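**Q** Quick one: sequence plus predicted model below, questions after.
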Amino acid sequence: MSGQRVIVVEVDRSARSRVAADWAAPEALRRGLPLRVVPVAPPDHVTAELADRHPELRFDTARFTGAAVQEPRSLWQDAEIVVLGLPGEDVLSGSTPGTPAREVAGASTCPVVLVPDGHVRADPAYRPTWITVGVDARDPAAGAIRFAFDTARRWRAHLRVLHAWTLPPSAAELPFSVSEEDRATWEDHEVQLLSDAVRPWREKYPTVRVLEDVVLFSPAEALIRNPGGAELVVVGRRHSYGYGTGLPAIADELLRHTRCPVAVAPG
């Protein structure tokens, strides 16, 4: 391995690999990092196409033989981001040719971007404008927030920080429906929690344009509704906010309903 940070994309001869590679290539350019193309099948066609579309792109020169192929995680140990194409029919099973997406998302120490096969391949000159990150304001996942802010800074994109909340258990015990006054009071509290959680990140990334959004939905439903249409949705990989080990259930749900790439960021 080169020891330098790289963007890693796994490819075979499928269309989904080209879609994933097309997402990974401009991201490598934005970050000034080489692109490592990890072959499930000979990748020459993908590499040649990327070099033609992105002439300034550098490629990592790692060789994929022996132990590296037998232990794929060694190919990701110096990755900044791992990018995987995800075919629609495999969303529920969480599998993709090569190493299963669930295993990668659950074991990787860096963010894993899952690109659905229905994602539209963008022109190389295109610059994304919106990112959404799901945040539990009571227990914010620093890894997801950091990745979202840093990516928004590099893309010069707007960042929507989304906190989903539900009515307190006491609301179910009320003899009548919840009053607008009570609901407004609870919502104001949630707004303040989110503001407090995001404030340190606003200070660290002062150039990022941030929209704080508090909605009365489940986390998955809030992200699926996604007003404005984010071009990347970021979720955290941890037990809080409804996530378990491996590919978070919320990522599964998102990939069933959106053609937007989903980034799963650890810790």
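**A** Looks like it arrived, so ask away. Numbers count the residues shown, from 1 in each chain.

**Q** CA atoms for contacts and neighbours, from now on please.
**A** Fine.

**Q** Spatially nearest residue to Ala197, not counting backbone neighbours?
**A** Ala137 (5.9 Å; Cα to Cα, 6 or more residues apart in numbering).

**Q** Quick check: the one you found touching Val161?
**A** No - applying Cα atoms under 8 Å as the test, Ala137 and Val161 come out as separate, 9.9 Å apart.

**Q** What are the contacting residues of stretch 155-163?
**A** Stretch 155-163 has contacts (Cα atoms under 8 Å, 6 or more residues apart in numbering) with 30, 127-137, 148-149, 152, 194, 208-215, 219, 222-223.

**Q** Recalculate using a threshold of 6 Å.
**A** 129-136, 209-214 (Cα atoms under 6 Å, 6 or more residues apart in numbering).

**Q** Can you tell me the closest non-neighbouring residue to Gly143?
**A** Gly267 (5.0 Å).

**Q** one step back: among the contacts of stretch 155-163, which are in strands?
**A** 130-134, 209-214 (DSSP state E).

**Q** got the phi/psi numbers for Asp252?
**A** With angles defined as degrees, to the nearest 10, Asp252 sits at phi -60, psi -50.

**Q** ok, it - contacts?
**A** Applying Cα under 6 Å, 6+ apart, no residues contact Asp252.

**Q** From Thr109, how far out is it?
**A** 20 Å (Cα to Cα, to the nearest Å).

**Q** follow-up on the earlier one: what separates the residue nearest to Ala197 from Val11, distance-wise?
**A** Taking Cα to Cα, one finds Ala137 at 37 Å from Val11.

**Q** and those two? which has more neighbours close in?
**A** Between Ala137 and Val11, counting by other Cα atoms under 10 Å, Val11 is the more crowded of the two (27 against 23).

**Q** Look up the closest residue to the more buried one, ignoring the ones flanking it.
**A** The nearest residue in space to Val11 (Cα to Cα, 6+ apart) is Ser17, at 4.8 Å.

**Q** which SS class is Leu255?
**A** Secondary structure assignment for Leu255 (DSSP: H, G, I helix; E, B strand; the rest coil): helix.

**Q** How confident is the prediction for it, by pLDDT?
**A** At Leu255, the model reports a pLDDT of 76.

**Q** picking that back up, could I get the contacts of stretch 155-163 as a markdown table with pLDDT, neighbour count and distance to Ala230?
**A** Converted to a markdown table, the contacts of stretch 155-163 look like this (pLDDT from 0 to 100; neighbours: other Cα atoms under 10 Å; distance: Cα to Cα, whole Å):
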| residue | pLDDT | neighbour count | distance to Ala230 |
| --- | --- | --- | --- |
| Thr129 | 91 | 15 | 8 |
| Trp130 | 93 | 19 | 5 |
| Ile131 | 95 | 22 | 5 |
| Thr132 | 95 | 28 | 6 |
| Val133 | 95 | 24 | 9 |
| Gly134 | 93 | 26 | 12 |
| Val135 | 93 | 26 | 15 |
| Asp136 | 92 | 20 | 19 |
| Arg209 | 97 | 16 | 14 |
| Val210 | 97 | 19 | 13 |
| Leu211 | 96 | 12 | 12 |
| Glu212 | 96 | 13 | 14 |
| Asp213 | 95 | 17 | 13 |
| Val214 | 94 | 21 | 16 |
